[in-house]
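**Q** Please find the sequence and the predicted model below.
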Amino acid sequence: MQTRNIGIIAHIDAGKTTVSERFLYYSGREYRMGEVHEGNATMDWLEEEQERGITITSAATTFEWAGTRFNLIDTPGHVDFTAEVERSLRVLDGAVGVFCGVAGVEAQSETVWRQADKYGVPRIAFVNKLDRVGSDYFRVLEEIATEFDCTCLPLVVPVGLEAEFRAIVDLVEMKQLAFDEESLGSKVVEQPIDEEVRETVEMYRELLLDAVSNRSDEVMELALEGRDVPSDLLRRVIREGTLARDWIPVLGGSAFKNKGVQPLLDAVVAYLPDPADLPAIIGHDLRSGEELARELDPSAPLAALVFKVQIDTHGEIYYLRVYSGKLSKGQAILTARTGKKERIGNLYRMHAGQREQLETATAGDIVSVTGLRFSATGDTLCDQGQPILLENVTFPETVISMAIEPRSTGDRDKLLGLLERLTKEDPTFAFHTSEETGQFIISGMGELHLEVIKNRLLRDFKVDAKVGKPQVSFRQTLAAGVRKSASFERELGGKEHAGAVDLEATVDPNLAGTEVEWIEAGEVPSAWRPTIEDAVQGCLSSGSFGFPYVQLKIGLRVPPPTPQTTELGITMAIRECFDAIEAAATPVLLEPVMRVTVSTPEEYFGAINQDLIRRRATIGGVEPRAGGVREIEGTVPLMEMFGYTTTLRSLSQGRAGMSMEPIGFQAAPEEVASRYRF
């Protein structure tokens, strides 16, 4: 049986989960259609998701269609949970990009598209909500092609506009397909092509043949001779171009109204890759660092990637993509990063929150396991005798924090354990203990992200704690590079300690964090070096503003030691030297900045635009959209955007929408910096 490992990606509210629910219903995996607005969607199975009506965590499921097994991941559309999209796309072979037929390409559409580009994932596009007022299939086609600089290959033409949308014409088979309402769209009815769309259909059929002819001499020859091009030949060439990412096949429909979903399923089978279509996975030898290739072969050594960890009150479950070899219940394996041996507990095929027990998984499968103790997101599970390290998943830095304080010692121990488990589950979640207050400081990607984590701790895990308001996670850098030297000589604990050091700080705006490089090491004992490096990193972790440094390279020079030089003496000299650097080169407070997109009806544009400017927004552009809507794009400091969703709702009577994503840091103005300067 062939396999399709696919994800559904889109901007929030484009209809991803509704499409997933129809997949499950028409394939026979579910006997009813779950609905997001009713809070009973199969794929939004967490209580938090059902209450909010949005996808928060990527949910995996398995079903069969047309003799093909689908491993499907429904990903979130909200920017706070973009890490869920990132780690899903890392292990998927193909994706379906869902676009709203009214709103078209939106801000988060661009984000997930870039993520798919990063991992070279072939895609199909589905223009959804064609029954809605203001929907326009052909306009969205143009937007996709323009915004993503790609070639769109429309495979259907809709019949009827907006509320009159009633069918689609399949341009490959040249058949009109309607979807019987009494059977909830399960029965697909072939019809003669309506005369009202025949001219449009013939035009787009010609465009399809022209595009495919450029790739296939056989199709070109048939087209030039005026002969029919067999549909199986057309599908084969479309598939080749899709896998090569030469074009994006585009279909359309209305998932909510049960129209156009089965042709989308057929297109996934026809045009997106089977694991066998893809090249061997590349990793590195743990000993030599040389590249290793692992073919999709059940008899090859095991190579699997942990792309997601999920915790609940019963324990932890690890989601894996098996790239080569076999994985069996009870099998002994190796975690490449830690070098620790593990043993697989139970092995499952997932269906959202439900589990189907398996005995064995083979290359190409996406499954989940229990029983791992030393593994986390991004880890490679491999054969103990032939280890391999696969490329990890990278995630953005946290930008927002809040304090959480347990009410008792018992709750503190419980909370600490839960926070440690949550960091395994969510790579964009972090925590530390405040040295000043003793509170736990939790950090994440946005207000909603922290709100969800707070609710899980207090409601799901029953932690008794007080929670503070969200705070911005600032960073700092230096205004200019500087080089300083310092020496230390003092008696401590009845022993003479001495040390000298030279530090050269260089500002690099393109550097996300910090780097420490040895330039001269004199004759420093190798055993001292980790402690010396840790001392430099300690200075960088909390500067004069109390926030970590970024965009800074430190060149480290240690002169030849004297008989009085000690490890402690050098680390103390580092601290004094860093103080001198901060005194000589003014520290600069950096605040996180968000890219913001607001879509608003024309009548509310003025008030919303003025409110954004008041929040220190830099407006990058204002574009007209369909239906009398204007789209404002710009950048705004995160600290100015707390509670903005509520304000926007008030300013527009609930009719405007917005999205945000972090894009980096910028220097904070003096009135902000003065509040944090020691």
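**A** Thanks, I have it.
**Q** Counting by contacts, list what whichever helix or strand Glu221 is part of packs against.
**A** Following DSSP states H and E, the helix or strand that holds Glu221 is helix 217-224. On a contact count with 3 or more Cβ pairs under 8 Å, 6 or more residues apart in numbering; DSSP states H and E, helix 217-224 meets helix 195-213, helix 231-243. For every residue, glycine as well, the C-beta is placed using N, CA and C.
**Q** now the next helix or strand after the last one, how far from the centre of its chain.
**A** This points to helix 231-243. Once the chain leaves helix 231-243, the next helix or strand it forms, by DSSP H and E, is strand 248-252. Put simply, strand 248-252 sits 23 Å off its chain's centre (Cα atoms, centre = their mean, to the nearest Å).
**Q** Tell me what angle strand 248-252 forms with helix 231-243.
**A** Between the axis of strand 248-252 and that of helix 231-243 there is an angle of 120 degrees, by axes from the mean of the first three to the mean of the last three Cα atoms, to 10 degrees.
**Q** elements contacting strand 248-252?
**A** Other elements packing on strand 248-252 under the criterion 3+ Cβ pairs under 8 Å, 6+ apart are strand 123-128, helix 137-147, strand 152-154, strand 156-159, helix 231-243, helix 261-271.
**Q** which one of these is the most hemmed in?
**A** strand 123-128 (a mean of 28; mean count of other Cβ atoms under 10 Å).
**Q** Identify all contacting residues around that strand.
**A** Counting by Cβ atoms under 8 Å, 6 or more residues apart in numbering, strand 123-128 makes contact with 14-15, 18-19, 94-101, 116, 137, 140-141, 144, 152, 242, 248-255, 260, 264, 267-268, 271-272, all of which sit outside it.
**Q** right, and Gln262 touches Ser27 too?
**A** No: in this structure Gln262 lies outside contact range of Ser27 using Cβ atoms under 8 Å: 9.5 Å.
**Q** Output the below-cut-off pLDDT ranges for this structure.
**A** Across the chain, the stretches falling below the confidence threshold (pLDDT under 70) are 32-58, 76-83, 312-314, 352-353, 435-437, 626-627, 678.
**Q** still on that earlier bit, flag every buried residue along the helix holding Glu221.
**A** Neighbour counts using 16 or more other Cβ atoms under 10 Å place Val219, Met220, Leu222, Ala223 of helix 217-224 among the buried residues.
**Q** got JSON lines for those residues, with distance to Leu478 too?
**A** Shown next, in JSON lines, are the buried residues of helix 217-224 (distance: Cβ to Cβ, whole Å):
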{"residue": "Val219", "distance to Leu478": "61"}
{"residue": "Met220", "distance to Leu478": "62"}
{"residue": "Leu222", "distance to Leu478": "67"}
{"residue": "Ala223", "distance to Leu478": "64"}
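**Q** Tell me which two of the residues you listed sit farthest apart.
**A** Met220 and Leu222 (7.4 Å; Cβ to Cβ).
**Q** chain center to the helix or strand containing Phe605: distance?
**A** In this structure, Phe605 sits in helix 605-614 according to DSSP H and E. Here helix 605-614 is found 30 Å from its chain centre; the criterion is Cα atoms, centre = their mean.
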